[in-house]
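structure for the following, please:
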Amino acid sequence: MPRASRLVALSAAVLLTGGLAACSSSEEEAQADTGGDFAPITIEHALGTTTIESKPERVATVQWANHEVPLALGVVPVGMAAANFGDDDGDGLLPWVSERLEELDAETPVLFDETDGIDFEAVADTNPDVILAGYSGLTQEDYDTLSEIAPVVAYPEAPWATPWREMIEINAKGMGMEQEGEELVASLEQDIADAAAEHPQLEGKATMFLTHVDTTDLSEVSYYTPFDTRSAFFEDLGLTTPGSVADASTDPEQFSGTISAEQVDTFDDVDIIVTYGDQALVDALNADPLLSQIPAVKNGAIVLLPDTPLGTAANPTPLAIGYVLEDYLSMLAEAADKGQ
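Model prediction:
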């Protein structure tokens, strides 16, 4: 079953079993929970403990991609963060979010402008019953302020380090939809496994994700650690983390690291490099006497992510995974073939 169809089927099942009904800021009345047996939920996370006494009917989300969890489960948030990266048409929505809203026949929720941080007043104006931020960089002050508006579900361990599975699970639990969240995870895992099986050359390839590279200064190499969700996603695709990257990444709260280019031989076990950029970046790497010695650079096994939604989706989120999975795998497979 195609991913879009699975989401539609899952959403229908949720609504038929008394789950949260899709609601938006334009609705005059929120649909009440028909289950009648909701038990209070307690969620422990990195910033405290949150108790949700009654099943939320008005769901708000803040920061990157948390809104994709309720949307994937058929629930339209009353408010959510506007996209501030990869939004190629400037409407505040990434294409997979627009597509999902269309599938749900829903209007665009209130979009919070987070250019300068969380807009607490805008969040409060949506009158939420719960605020989801399972994947975020909330500070303690942010959390405390939001908690004055509604119960807040924060990240379980470290800022910006919640893997996509845990992002779904903790946010779904905050909506009183824990089982539905588990079903969504299982569905996505199957989609990923099926797609990855079509590219056997990826199996076991040691892959490193470079951060945005400054071609005018290649004296240092910066990379995302295995604790960053972009790098962690490689494991789902059958790739592996280079031992050099793993050894250099010891702090789970650090999602990036940097070493001097003079130590670049550290990365002599890197088969594939993924990064943001274009051919000018490849040319600069090849011209550099040190960085050109990395096996992935020597072999041309470099995946260049454009400044488009495709590049954005390298950071896996519930709706983005299905939207770009095949394209991303094809790019990785092409790079793997060059390294044979």
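
alpha carbons only for contacts and neighbour counts from here, please
Noted.

and the strand or helix carrying Val97, what's buried?
Under the criterion of DSSP states H and E, Val97 resides in helix 95-103. For helix 95-103, burial by neighbour count (16 or more other CA atoms under 10 Å) applies to Pro95, Trp96, Val97, Ser98, Arg100, Leu101.

look up how far Ser256 lies from the first one.
If you measure Pro95 against Ser256 using CA to CA, to the nearest Å, the figure is 27 Å.

for the fourth one, same thing?
Ser98 sits 31 Å away from Ser256 when distances are taken as CA to CA.

got it, and the third one?
Distance of Val97 to Ser256, given as CA to CA: 27 Å.

show me where the stretch 101-250 of the chain has helices.
120-125, 140-147, 164-174, 178-196, 229-236, 243-247 (DSSP state H, counting those that start in this stretch).

who does the fourth one touch, helix- and strand-wise?
The one in question is helix 178-196. Contact here means 3 or more CA pairs under 8 Å, 6 or more residues apart in numbering; DSSP states H and E; on that basis helix 178-196 packs against helix 3-16, helix 164-174, helix 320-338.

need the max-distance pair from the buried residues of helix 95-103.
Pro95 and Leu101 (9.9 Å; CA to CA).

how about the contacts made by the nearest residue to Thr162 once chain neighbours are set aside?
Leaving aside its sequence neighbours, Thr162 sits nearest to Tyr135 (CA to CA, 6 or more residues apart in numbering; 5.4 Å). Residues near Tyr135 by CA atoms under 8 Å, 6 or more residues apart in numbering: Gln63, Trp64, Ala65, Asn66, Ala154, Tyr155, Pro159, Trp160, Ala161, Thr162, Met167.

which one of these has the most neighbours?
Among those, the one with the most neighbours (other CA atoms under 10 Å) is Ala154, at 32 neighbours.

ok, that residue to Thr312 distance?
Counting by CA to CA - Ala154 and Thr312 are separated by 22 Å.

SS state for the residue in the chain sticking out farthest from the centre?
Centroid-distance maximum for the chain: Pro289 at 35.2 Å, with CA atoms, centre = their mean. Assigned state for Pro289: coil (three-state reduction, DSSP: H, G, I helix; E, B strand; the rest coil).
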